[in-house]
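[1] sequence plus the predicted model coming up.
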Amino acid sequence: MIEHYLFLSVILFCLGILGVISRRNVFIVFMAIELMLNAANLGFVALARLHVSMDGHVLAMLVMAVAAAEAALALAVVILLHKHKGKLDTNIFSLLRG
Amino acid sequence: MLEHIISIMIFVPIAAGLGMLFLPLGRDASRVLGLAVSVIVVLLGLKLFLSFDGSTGAFEFVEQAPLAESLGISYRLGVDGISLLVLMAAALLFPMVYLLFKTRPRGYYCNLLIVQGAMIGAVCATDLVLFYIFWEVMLLPVFFMIGLYGGPKRIGATVKITIYTIAGSLLMLASIIYLGITYHAQAGEWSFDIARLSSLSLGGGVATLAFFGFMVAFAIKIPLFPFHTWLPDAYTEAPTATTFVLSAIMAKIGVYGVVRFVVPVFEENLARYALILACSGVIGMMYCGIAALAQKDFKRMLAFSSASHMGIIALGIFCMNIQALTGTLYQIVAHATSTGVIFLLLGIIEERMETRSIDDFGGVAYKAPVFAAFFAVAMLASVGLPGTSGFIGEFLIILGAVKFNPAIGVLAGTTLIIGVCYMLWLFQRVFFEKTNERTETFRDLSPIETLTILPIVVLIIAMGIFPQPFIDKIQPAARQQIVSVTPAVPAADEAVAENTLLIQARN
Amino acid sequence: MEQTTYLGFIPLLPLAGALVLGVMHVATCQGNRIAEKLYGILGCIGPVLSFILALKLFFSLKGLPAPDRFLTHEPFTWFSVGDLTVPMGFLADPLSSLMLLFVTFVGSLIHVYSIGYMAGDKNFGKFFAYLNLFLGSMLILVLGNSPLVMFVGWEGVGLCSYLLISFYSEERENVVAGNKAFIVNRIGDLGFVLGMAFLFWGIGADGFDYLSLKANAHNLTPALGITVCLLLFVGATGKSAQIPLYVWLPDAMAGPTPVSALIHAATMVTAGVYMVARFSFLYIEVPVAGTVVAWIGILTALLAAVFGMFQNDIKKILAYSTVSQLGYMFAGVGVAAYSAGIFHVFTHAFFKALLFLGAGSVILALHHQQNIWKMGGLKKKLPITYGTVLVGSLALAGCPPFAGFFSKDEILFSALATGHTGIWFIGVIVAGMTAYYTFRMFFVVFHGTPRDRHSYDHAQESPRVMTIPLIVLAIGAGFAGFLNFPAIFGGHQQVSHWLAPSLAEHHPDAGLGVEFLAIGGSVLAFVIGISIAYRKFFGGAEEPVYRGFCKFAANKFYVDELYATIIVRPYRFIGKAIRQMIEPYITDAPAQGVPWLYRMTGWVFKVVQVGYVRVYAIYMVIGLSIMSLLISQSLNL
């Protein structure tokens, strides 16, 4: 049974990666990152249930807290970016080009 | 006070330099502060010179305090005949810079102060790690001064000198660590004291590598052929005071380092590679001397000239007899004074005429007789005319070189000819011939400038006529170095044999 | 022990004069000038006092018994390192006292003469400072009691020679001539220094002054002996203008004429001969070296005489005659006739100084015209100069009983008596050539008709301050020879006897026949030489156009050009090659290589730095994937 949960988790994670890689809108990228975090959460919770241990639950709670904090910070950054350039396309921000 | 005189001479300039960095002083104020500190150092230096005994060849004014006891690193200072004259060069020549170059930014004077303190520290340190620390500290202000206040191509020059000297320093650091470990292995305790390290018996390939680690570091600083390529660029692009510091004093610390650290520790390797090193010195002398003749920029020409002389000075170490070594130690200060005056005078000329191209000059001697007379004396000392300081050292080195190897001696002697070729040519083009519209307006030295340079010019002549008081102070220490080299080879073999026995017994 | 401190004052007085004059000149040359008279008087004080001291020295030496005739004065140790101990010491013995006498005497006269010759020059003070400096150095050279102290003077005179040759330094050629003199001298000095070094390692450990060296000379191994003697002779060829280093002396005529008289005729150039005589205790042990010296000397004499016959510049003629006469001197000391060589130095100082000063008088009268083919008929205009130069010319040409005859004959006789017939034969030929070119110059300048009317009309005799030294020197040139009147004419050879304690020399015994052969040869050569010159030039002749060999000789066999091609140009070329090729491209390679390496690496890596967040995410995923794979493999999952 556990495989199903884990498969779902992997699929969600891969979708998240795909989202980060392929989408150019900052919001979508951000959502994809959230998706990856939640994929990890799903794995944690499922395995915690399997092993009858609370560690996984604790970690999942922690990840959710981090995700919330990150959301607050990241949204602020996004707003700044929008102010700066007027768009939310990630391809505009390529200052690190060698 | 006398027991801490060296520390005072080291840390007063460094403290003043660091203080100046943070205080909001104007140009004039920082110059006056620098001048005051350098005058204090001069007075202390004279005091030290006069109270120096030197008859035993041992370290005097020794100071000692532990720095890192578990590793045997300590704050250990002392002066003996080998370091005395280098120390004097580092202590006495600085006030000239503050007196001659008046309109420089604060950072310039601040770097000068730090470099002076660090150089004095490097010369007096008798602990290898302490020496390394001062060595690195003295290099940093040079990088800053070239990079910040240098000529138009200063960045390239700074990169070059940094790459070279840092590479050398790292090799030296590795060698120092090797020596410490070897000492720990042989004596069972940690120490970086040079007096103890010289009792080491070193053999094998790693020791040779360590020897070359030291040699390369010092050869870059001296510079010995073929490690000289940073020099023309750095000397040319550096502001005059830095060129002066580099050529008059810092290059000598390279020579001093070889005498102080390489000769007693690596006597066996030195004996084995002496001929190659001597050849490097002679080739460098000839190569740079010939190159000097073809330069169009006088600072560059004098850079090559300086490198050429350093080749001869370094040669004196490798000949391993008392005459050559004493000659080297004497020539260190003789060359410091003559080349120092030459670079300072050319700094003045460069500042007033805003050109360094030899072709732009002519007839300066008619417009500025005092200037020309001073330059002539320094030039004659630099080509080794008897009666000036340059002759004594050069003659002793050639004499020793003939004993070491007649062929090397003959080649070393050609410095008499090579030096005179480019110097006379320079003198002709700058001071003689007809004046042009540029030199027509050249002002002679002001009274203050005259009085600033006059003592050094007098010293150049006095050291040519009365060298013995100086030689008396350096000779006992030099003799000890020679004694430590000559009979050492069989003794070292015995020590190695003893060591192997010990190791076998332990196993 | 006699008080000998005054020995130190002999060189010190002119040196002090140089310092005072130099400071005065530097201090005042920009603004208000000091009167020339003051400079002149100050300049002459030092040399004259030195001459008086030299006289005192001479008489106190004379008061001593012959074997003890030496006085030393060692004020302090110059330097002492290991076995090498060099006192700053002075040694007065018969040899140095004789040199002292005529150096200070001729030097003082030339100082006086210069007051007239240099009048009106804007660097009058500087000139006298240099002259004093020169004289002081020369006296150190003569008085030094060890090779090293001699070397101080040796280099000092070289420096002054440089300064004085390039005295008119606004003209590039003059400075180049000065540079040439200094550099060529330095080549010789290298030989001297190396000679001293080898000598020290041979026998110097017990003291490096002449007396100790003399005592130990027999310990020198033959190989080292030859090395030392030849190296020292290299030094002498530089200073005394012998083959192959003679090239600087003719160019040195760029200096003011009194300089040519003092330095390049009477004093400095004879230093090499003096040095060989000083080291006679070495050379006598190594006859091979002596033979080399003699042959180089006589060949130089021949070569310079050939050049001298085809020169047009009055000073150049005299310059080559100096080189030629120096060759004679070396031939003399080479065949171990040291006193003969030194005696020729002595007489030569008088007549050559006289000739140069006379030439200076002519040159000044004609407003710095030096070409003899622009002169002529000056006999009437310059009577004193004419008379004195005639005496000088006769002495130079070797006319008996003038000074040059006795000294030259002494050398040729010694060569013959020691079996160096070849040297004698060449010497006689050169004597004839000397007579020819001397009187060629003399007749062209003073006889015949004026070739340049304008300058002839304006010519007038020089002031008394110049003519009196001429007359004094002419007396010397006329009679100095009698000081060493040969025994064959019933003389006592006072000079040779005087010098004997200083020199390691044994006089050859030769029959009367040899003496007469030597004298007869010289006289015959003189007569032939002067009569050819008389026939060709006495009545007046026009400037000849040289062809063939004569052109070759007039161009000095193109030796200067040869040196330029094989030494100077390659030297410059190497320098240029270093600047343009080796420095930027070869030795600089490591310094340029390191930044280049970093730049190339960066260039490779910069391709992947696209700047898009998404792409970085891909890299991260790829990296993570690889890591996961590796971990899973290593855990054998």
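    Perfect, I can see it now. Numbers count the residues shown, from 1 in each chain, chains lettered A, B, ... in the order given.
[2] got phi/psi on the residue in chain B positioned nearest to chain C?
    Taking Cβ to the nearest Cβ as the measure, chain B has residue B:294 as its residue closest to chain C, at 3.2 Å. For every residue, glycine as well, the C-beta is placed using N, CA and C. Note on residue B:294: backbone dihedrals following degrees, to the nearest 10 are phi -90, psi 0.
[3] report the closest residue of chain B relative to chain A.
    residue B:159 (21.2 Å).
[4] that residue against residue C:592, yeah?
    No. Taking Cβ atoms under 8 Å as the definition, residue B:159 is not a contact partner of residue C:592, at 9.7 Å.
[5] higher neighbour count, these two?
    Using other Cβ atoms under 10 Å in any protein chain shown as the criterion, residue B:159 and residue C:592 rank with residue B:159 on top: 19 against 16.
[6] can you pull the contacts of that one?
    residue C:595 (Cβ atoms under 8 Å, 6 or more residues apart in numbering or on different chains).
[7] flag every buried residue along the helix or strand where it lies.
    Assessed by DSSP states H and E, residue B:159 sits inside helix B:154-187. For helix B:154-187, a neighbour-count test (16 or more other Cβ atoms under 10 Å in any protein chain shown) marks B:154, B:156-165, B:167-169, B:171-173, B:175-180, B:182-183 as buried.
[8] right, and the helix or strand after that helix?
    Past helix B:154-187, the next helix or strand by DSSP H and E is helix B:194-197.
[9] beyond that next one, next helix or strand please.
    That would be, after helix B:194-197 and using DSSP H and E, helix B:205-221.
[10] packing partners for that next one?
    helix B:154-187, helix B:251-257, helix B:267-293 (3 or more Cβ pairs under 8 Å, 6 or more residues apart in numbering or on different chains; DSSP states H and E).
[11] and after that helix, which helix or strand comes next?
    Heading C-terminal from helix B:205-221 (DSSP H and E), you reach helix B:230-237.
[12] quick one: average confidence on that following helix?
    Averaging pLDDT along helix B:230-237 gives 88.
[13] give me the distance between that helix and the centre of its chain.
    16 Å (Cα atoms, centre = their mean, to the nearest Å).
[14] just the CA coordinates for the helix or strand just after that helix, please, in PDB.
    Following helix B:230-237 in sequence order, the next helix or strand is helix B:240-244 (DSSP H and E). What follows is helix B:240-244, C-alpha atoms only, in PDB (Å, rounded to 0.1, in the frame of the first residue of the first chain):
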ATOM      1  CA  THR B 240      58.600  56.800  -6.500                       C
ATOM      2  CA  ALA B 241      58.500  56.100  -2.800                       C
ATOM      3  CA  THR B 242      57.500  52.500  -3.500                       C
ATOM      4  CA  THR B 243      60.100  52.000  -6.100                       C
ATOM      5  CA  PHE B 244      62.600  53.400  -3.500                       C
END
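[15] quick check: buried residues in the strand or helix carrying residue C:528?
    Using DSSP H and E, residue C:528 sits within helix C:512-537. Across helix C:512-537, burial judged by 16+ other Cβ under 10 Å covers C:515, C:517-519, C:521-523, C:525-526, C:529-530, C:532-533, C:537.
[16] so where is chain C shaky, pLDDT-wise?
    Residue ranges of chain C with pLDDT under 70: C:1-2, C:31-33, C:490, C:508-510, C:637.
[17] where do the helices sit along chain A?
    With DSSP state H, the ranges of helices along chain A come out as A:2-22, A:26-51, A:55-85.
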